[in-house]
Every structure is written in structure tokens, then in C-alpha cells.
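Visitor: mind folding the following:
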Amino acid sequence: MNEAGSIGGAVASVGPDTEVIVSDGGSTDDTRAIAARLGARVVGCPPGRGAQMDAAAAEAGGEVLLFLHADTRLPENWQSAVMDALRDGRTIAGAFRLRIDSKGKRFRLIERAAAVRCRALGLIYGDQALFVRKEGFLKAGGFLSLPLMEDIDCVKRLRRLGKVVLLKESVLTSPRRWRRAGTIRNTLRNAFILSLYFLGASPLKLYSLYYGGRMKINGL
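Guide: As a prediction, the model looks like this:
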């Protein structure tokens, strides 16, 4: 939503010969026009990450889905990396490692912490470009239109159906959320919300807590 400054880079990083669907939650800037100009098919739905990604998945014709946030770009060899991973019939889904598009030791620490989180806890976040077999995605129930924790919740259900792998390749994501909220504050807030989720708090309640009961207008 309102991602005119980022959507071009995200769509361009996909490359040719791939179906690209941009799910827009009601942008008032040039997001939709930029995406369409680059060859993406734009679908509209009510705002919210889970709902928007479910809406796009419903329109997709491929056997494999990849969910890319608007402020994130794929590596050049992403297609071959994904298909190599899915040659193992036991693998149902996977994601890329996280790389942040900024210099500074604090961002390298965040990247290393994300890698440890994935290996030790199996927690994959949406900004790592989750890919999944469409059949398995639908069987797992998709993102259930959840407004928050949709990535953690979906991956948890996917693990019951097959292997979820972490690739050695990395996506490149914007540092804006860490800069906006502060590195330490953003990290602690995320850990707090995640802890409440695993203690049984509903994603709807967590959304209200995370965003103060207001729908976030600029990109999620």
C-alpha cells in the first residue's frame, strides 16, 4: 500500500518469464500504475498483509508461489535456487536469507540474528520471500487473511505437511523499519509480540497492540 518508491525495484527483481501479481490494499499514490507499467497484474483487496497475499495467491496460475514484500528484492539466481530446493519431493516451502540494504554493524548483527533464528527456532519471516508449492499452501489454509503473524502462522502449518528449507541465497530488504522505530526498539517490540503469539494471543489482538488499533497506511 502506497509503495510507489519501492514497488518498481521489487517487480523488476523478479525478471522475465514469471507471472507477477501485485496485491494492492488501496494505494493513493502511483503504486498500481508503476506495477502495471512493469508488466505486473494488479489486484485490489482490503488492506492487510495476510488478506492481500491470499488474494494474490487465489489469482496465481503457477504450481509454485513466492511472496515478495514491496520493499524487498530477489537475487538474480532466485528461480534456479527455488527450483533446486523443490527437487526434493519432501520440501514443501522455503525462504531466503535476509540481507539489509544498508551499511553498518547493527544491520550485520540483525542479519546474523535472523540466520540464527531460522536455524535454531525455524522461524521464517515474510521479508525473507517465502516460496511454497501451491497445492501445499492451499492445503495448509494459506495465510488465513491474518493481519499480523501471518508468516509465522503459515510456516508453522506448512511444517506439518513437509520440509521448510532456508536457502543460502539472500534477498535484499529495506532498512526503513529499523530506522523508523530504532534498531533496539524494533527488535524488542518484535520479540515481545512474538512471545505473546506463542503464549496464545490472537493475531487480531496483536495487530491492535502492534499498530495501536490503526491500519498502517504506508507499506506494511
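
Visitor: for this protein, just list every one of the helices.
Guide: With DSSP state H, the ranges of helices along the chain come out as 7-14, 31-37, 49-59, 78-86, 105-121, 134-140, 150-159, 176-181, 183-198, 203-211.

Visitor: including mean neighbour count, could the ones you listed go into a markdown table?
Guide: C-beta: built from backbone N, CA, C; applies to glycine. Putting the helices of the chain into a markdown table (neighbours: other CB atoms under 10 Å) gives the following:
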| stretch | mean neighbour count |
| --- | --- |
| helix 7-14 | 20 |
| helix 31-37 | 18 |
| helix 49-59 | 20 |
| helix 78-86 | 16 |
| helix 105-121 | 14 |
| helix 134-140 | 17 |
| helix 150-159 | 20 |
| helix 176-181 | 15 |
| helix 183-198 | 14 |
| helix 203-211 | 16 |
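
Visitor: relative to residue 70, which of the ones you listed is closest?
Guide: Distance to residue 70, taken as CB to CB, is lowest for helix 7-14 among those, at 5.1 Å.

Visitor: tell me how far the closest one lies from the chain's centre.
Guide: Counting by CA atoms, centre = their mean, to the nearest Å, helix 7-14 is centred 14 Å from the centre of its parent chain.

Visitor: in CSV, list the helices of the chain along with distance to residue 170 and mean pLDDT.
Guide: Putting those into CSV (distance: least, CB to CB, whole Å; pLDDT from 0 to 100) gives the following:
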stretch, distance to residue 170, mean pLDDT
helix 7-14, 12, 97
helix 31-37, 24, 97
helix 49-59, 21, 96
helix 78-86, 10, 98
helix 105-121, 8, 89
helix 134-140, 23, 97
helix 150-159, 17, 94
helix 176-181, 17, 83
helix 183-198, 19, 80
helix 203-211, 26, 77
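
Visitor: of all the ones you listed, which lies closest to residue 92?
Guide: Closest approach to residue 92 among the helices of the chain (CB to CB): helix 134-140, 4.2 Å.

Visitor: could the helices of the chain go into TSV alongside distance to residue 166?
Guide: Converted to TSV, the helices of the chain look like this (distance: least, CB to CB, whole Å):
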stretch	distance to residue 166
helix 7-14	19
helix 31-37	28
helix 49-59	20
helix 78-86	9
helix 105-121	5
helix 134-140	17
helix 150-159	11
helix 176-181	21
helix 183-198	18
helix 203-211	23
